[in-house]
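S.K.: Sequence first, predicted coordinates after that:
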Amino acid sequence: MSETEVAVAPAPLLLADGRPAARAWSLDPAQRHLNHGSFGAVPLVAQARQQALRAEMERSPVVWFPALPGRIAAARLELAAFLHVDPGDLALVPNASAGASVVHAALTRRRGGEIVVTDHGYGAVTMGAERLARRWGGRVRTAHVPLGAGEDEACEAVVASLSADTDLVVVDQITSATARGLPVERIGAEARRRGIPVLVDGAHAPGLVESPLAGATYDFWTGNLHKWGCAPRGAAALVARGPLRDELHPLIDSWGGHDPFPDRFDQQGTLDATSYLAAPTALAFVADTWGWPAARRYMDRLADYGAQVIGAAFAGLTGVDSAVDVGMPVPGMRLVRLPDGLGRTRLEADALRDRVARELAVEAAFTSFDGIGYLRLSAHVYNTAADYEHFAEECVPVLGEWARAVARP
């Protein structure tokens, strides 16, 4: 949406029986939930499916666990169809960070032990890259990508950081802190030309992007099903292509260790895998109730509206434009600049998140980049325009007061 366009609030989505969409979730009605992107939210039907599976597991554990690999393999077929990938390329892992850890644990140094990341990378995944670089006796090189960088500039920034010493590139498909895309297709193609493995962190992509792996050149891709896909937490995909995938093993050694990829990931001792088995129920619920294309359109329009309403409220309070120029915007997520003094670091942003939840009864995401604090909005089907209007009317004035308190000597 251009800066001159005015966002219009979309009509709230309803269930088949006419009730608000939020009634299909168990979210606390005393809180406003504006941060789906961090931990997701599981619809009641998927919760019930997981509870039934757990009850089955506890009734007959000696029957359950030997049969579990076959059931996980069947679930992988459904999840691969959702992601539009070959099921033979897809393993299931607890979350995207676990998928990255699997890759970090498998790779060996072949050149100078250098790992290239960006300054938009997810902190836990970057920490894993740093640990791998220490193990290799190498280093992490961080490519700076300006928040407003378009596709060409972002690609050039990452490619310029590659060298003859680079052994791995780790790049986000959709960044967590800055809610923007990165040109993973172009970066991957150039890295492949140079013989450098690529790990794409697609944590936010499943559900938010129809075919998140289409057209991409990569060795490894990992994405969470519990975020936009609304699966029970502990369900994520690790997709691997090419010869290096045969080096990937689960973080837990178990009796499937001699099986090929991805089958060896289907057996990991007494791991509670009910989140994997219930994930297709969550995806099917959205598909059957609204259809994923319609859900994505709604989330994107609502995020536009929320950013404009809240941004206008901040601008009216501070006299400073709160709109953010994000070079490669993504569906369903937006940034709004906070007043000076708020959320300048990750720790400050996390503290602000906790204070807003505690004192204002709103679950929201606050992030920082280059010393500037942002409100990161993420919309899902259970959100409505009223959620963002409430934040603009009730929370923005309070945040303005908190910012003024920080500025006082």
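M.R.: Sure, I can see it. What you see is a predicted model; the values in this text were computed from it and never measured.

S.K.: can you give me phi and psi for His204?
M.R.: His204 adopts backbone torsions of phi -90, psi -10, taken as degrees, to the nearest 10.

S.K.: What is the burial count for it?
M.R.: 29 (other C-beta atoms under 10 Å). Yep, even glycine has a C-beta here, placed from its N, CA and C like the rest.

S.K.: so it makes contact with Gly229?
M.R.: No. The pair His204 and Gly229 does not pass the contact test of C-beta atoms under 8 Å, sitting 10.4 Å apart.

S.K.: So Gln268: helix, strand or coil?
M.R.: Assigned state for Gln268: coil (three-state reduction, DSSP: H, G, I helix; E, B strand; the rest coil).

S.K.: Next, the contact list for it, please.
M.R.: Shown in contact with Gln268 (C-beta atoms under 8 Å, 6 or more residues apart in numbering): 250, 252, 254, 256.

S.K.: Could you work out the most separated pair of the residues you listed?
M.R.: Largest separation among the contacts of Gln268 by C-beta to C-beta: Ile252 and Gly256, giving 10.0 Å.

S.K.: Those two: who's more crowded?
M.R.: Taking neighbours as other C-beta under 10 Å, Ile252 and Gly256 compare with Gly256 leading, 19 against 13.

S.K.: any chance you could map the helices in the stretch 301-409 of the chain?
M.R.: For the stretch 301-409 of the chain, the helices defined by DSSP state H, counting those that start in this stretch cover 346-360, 385-390, 396-407.

S.K.: Which residues does stretch 44-58 contact?
M.R.: 24-26, 42, 64, 230-232, 272, 274-275, 277-279, 281-282, 285.

S.K.: Would you list the buried entries among those residues?
M.R.: Buried subset of the contacts of stretch 44-58 (neighbour count, 16 or more other C-beta atoms under 10 Å): 24-25, 42, 64, 230-232, 274-275, 277-279, 281-282, 285.

S.K.: doesn't Ala91 make contact with Leu248?
M.R.: Yes. Judged on C-beta under 8 Å, Leu248 makes contact with Ala91 at a distance of 7.2 Å.

S.K.: Show me the buried ones among the contacts of stretch 44-58 that map onto strands.
M.R.: Nothing among these maps onto strands, per DSSP state E.

S.K.: Closest to Glu401 out of those residues?
M.R.: Trp25 (31.8 Å).

S.K.: before we move on, back to that, dump the contacts of Gln268 into a markdown table; add secondary structure and pLDDT as well.
M.R.: As requested, these are exported to a markdown table (DSSP: H, G, I helix; E, B strand; the rest coil; pLDDT from 0 to 100):
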| residue | secondary structure | pLDDT |
| --- | --- | --- |
| Pro250 | coil | 95 |
| Ile252 | coil | 90 |
| Ser254 | coil | 91 |
| Gly256 | coil | 92 |
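
S.K.: Please dump these into JSON lines; it should also carry distance to Ala392 for every row.
M.R.: Shown next, in JSON lines, are the contacts of Gln268 (distance: C-beta to C-beta, whole Å):
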{"residue": "Pro250", "distance to Ala392": "46"}
{"residue": "Ile252", "distance to Ala392": "46"}
{"residue": "Ser254", "distance to Ala392": "51"}
{"residue": "Gly256", "distance to Ala392": "52"}
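
S.K.: closest to Leu335 among these?
M.R.: Pro250 (35.9 Å).

S.K.: more neighbours, Leu248 and Ala91?
M.R.: Set side by side, Leu248 and Ala91 show more neighbours around Ala91, with 26 against 22, by other C-beta under 10 Å.

S.K.: I'd assumed the more buried one was in a helix, is it?
M.R.: No. Going by three-state DSSP, the assignment for Ala91 is strand, not a helix.

S.K.: Wait, it touches Pro260, no?
M.R.: No. Taking contacts as C-beta under 8 Å, Ala91 lies outside contact range of Pro260: 10.7 Å.

S.K.: Which residues are in contact with the nearest residue to Arg233 once chain neighbours are set aside?
M.R.: Nearest in space to Arg233, with sequence neighbours left out and distances taken as C-beta to C-beta, 6 or more residues apart in numbering, is His226 at 4.5 Å. By C-beta under 8 Å, 6+ apart, His226 lies in contact with 39-40, 42, 95, 232-236, 275.

S.K.: Of the residues you listed, just the buried ones, PyMOL syntax please.
M.R.: Buried residues within the contacts of His226, by 16+ other C-beta under 10 Å, are selected in PyMOL with:
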select buried, resi 40+42+95+232+233+234+235+236+275
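
S.K.: ok, so of the contacts of His226, who is nearest Ala303?
M.R.: Lowest distance from Ala303 to the contacts of His226 (C-beta to C-beta) belongs to Gly40, with 15.9 Å.

S.K.: So, low pLDDT: which residues of the protein?
M.R.: 1-5, 409 (pLDDT under 70).

S.K.: how far does the helix or strand where Thr126 lies sit from the chain's center?
M.R.: Using DSSP states H and E, Thr126 maps to helix 123-136. Here helix 123-136 is found 19 Å from its chain centre; the criterion is C-alpha atoms, centre = their mean, to the nearest Å.

S.K.: Report the contact partners of Tyr298.
M.R.: Applying C-beta under 8 Å, 6+ apart, the residues near Tyr298 are 10, 13, 290, 379, 381.

S.K.: And for Asp119?
M.R.: Going by C-beta under 8 Å, 6+ apart, Asp119 touches 142-145, 369.

S.K.: Where neighbours are concerned, which of those residues has the most?
M.R.: Val145 (27 neighbours).

S.K.: intersection of neighbour lists for Leu248 and Ala91?
M.R.: 238, 240, 261.
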